[in-house]
Structures are given as structure tokens and as C-alpha cells.
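Enquirer: show me the folded form of this:
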Amino acid sequence: IRGELEDRVQLPRIYYGWHIPPYGDEAWYAADLLTSVLTEGRSSPLVRDLVTKRQMARDVSAYVYPTEATGMLYLQATCSPDVAIEDLEAAIDEHLDGVMRQPPKADHLARAKNRVLTGHYNALQSLERRSDMLARCATYLGDPGRAETEAEVYDRLDAEAVWRTAALLRPDARVALRVVPKREEAA
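Expert: Predicted coordinates:
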């Protein structure tokens, strides 16, 4: 499914969305690691290539959304000035095709795990975020204690598990929305 929306924005932006397994499924955690591999940190492949090296994008990010019936994985990128949204979309698709062809590199996966686990443990130290995690686990998984053991799920995931989940990111399985600047109305 594809769409385009004109809005009061300065630069075009692409949004992708995919259904993934629901929160609590091991593949959901693998998808969360995959988003970290792809877009978190300056050394991540999409940021390093599209933002730093080729300067096609102002920003690129990906994240998973925890829901009960089905999970959602989102990827968004903002075009740099004078970059056609079609060119940025093609470059993103090249990266996604590559991650579907081979598992992530060991160093990329290790950095992603470190980021995710650091975030998880930091969240457990904050009363507000800890209560959110407990409530989410109680609501979606029927077990608030899972908040204490989620780190173990991330820790046991390997590159193969992340790669299997990357297969869900097919172009024919996504929703794509382009948000572009409003065109000048004819006088």
C-alpha cells in the first residue's frame, strides 16, 4: 500500500510500516534488535551511509511498537535538501534488500544488543519507566515479571534470528507513505 500526503513541511519524508509478530514473541525482540542494528548510532548502516556518507537524508530512524495482537515496525527518513524522495527510497530499499540477503555483521549486532540492553536496564532504574514496563508485560503478556527477564530474550538472540525477522521487511508487505511539501496553488 502506498500513499502520498502534501503538508506544510519543508522537506519530504518517507514512512514505512510493517506488521511483525506481537510483543512478547521472540521475533518481536529480534525486530527490535534489527531496528537498532539498522539505525541507532552513527556507525549503523543506514545512518552512516544515508546521513553521513551520501548525505541523502537529514535523519533516519526505525523502531518497533509493542502491541498485543500484532507488532509494528516503522522506519522513517527525511530527505536532505535537493534530494528526490524517490532516490532516498531506492537507497533505503537497497539496504533493506541487503539485510534480507545476509545476517547482520557480528559487531553491528553486538553494538545493537549493548544499546538495547543498556536502555532496558536504565528503564528498570526509573520508577516511571519500570511501572510502564510492568504494566505492559501484565497487560500484553499476563505476567508483570516478564519485565525482569526481557533482557534474557535479547541476550540469547543471534544473527540468524535477526536475519529471519528481516525477511518480514519485504517491499510488498509494507505500507509506504510519502509526506511532501505542499505545491504552490495556481493563482
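
Enquirer: distance between the ends of stretch 30-48?
Expert: 22 Å (Cα to Cα, to the nearest Å).

Enquirer: find the nearest non-adjacent residue to Ala27, please.
Expert: Nearest residue to Ala27 in three dimensions, chain neighbours excluded: Pro21, at 4.2 Å (Cβ to Cβ, 6 or more residues apart in numbering). C-beta coordinates here come from the backbone N, C-alpha and C atoms, glycine included.

Enquirer: my guess is the one you found contacts Ala69. True?
Expert: No: Pro21 is beyond contact range of Ala69, at 10.4 Å (criterion: Cβ atoms under 8 Å).

Enquirer: the two: which has the busier surroundings?
Expert: Using other Cβ atoms under 10 Å as the criterion, Pro21 and Ala69 rank with Pro21 on top: 17 against 8.

Enquirer: which residues touch that one?
Expert: Ala27, Trp28, Ala31, Thr70, Gly71 (Cβ atoms under 8 Å, 6 or more residues apart in numbering).

Enquirer: try it again with 7 Å
Expert: Ala27, Trp28, Gly71 (Cβ atoms under 7 Å, 6 or more residues apart in numbering).

Enquirer: can you add distance to Gln102 and give these back as CSV?
Expert: Formatted as CSV, those follow (distance: Cβ to Cβ, whole Å):
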residue, distance to Gln102
Ala27, 18
Trp28, 22
Gly71, 23
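
Enquirer: go through the residues you listed and say which is closest to Met56.
Expert: Minimum distance to Met56 across these is 28.2 Å, recorded for Gly71 (Cβ to Cβ).

Enquirer: bridging residues for that closest one?
Expert: For Gly71, the beta-bridge partners are Ile20 (DSSP bridges).

Enquirer: tell me the confidence at it?
Expert: Per-residue pLDDT puts Gly71 at 93.

Enquirer: that one and Thr35, how far apart?
Expert: Taking Cβ to Cβ, to the nearest Å as the measure, Gly71 falls 11 Å from Thr35.
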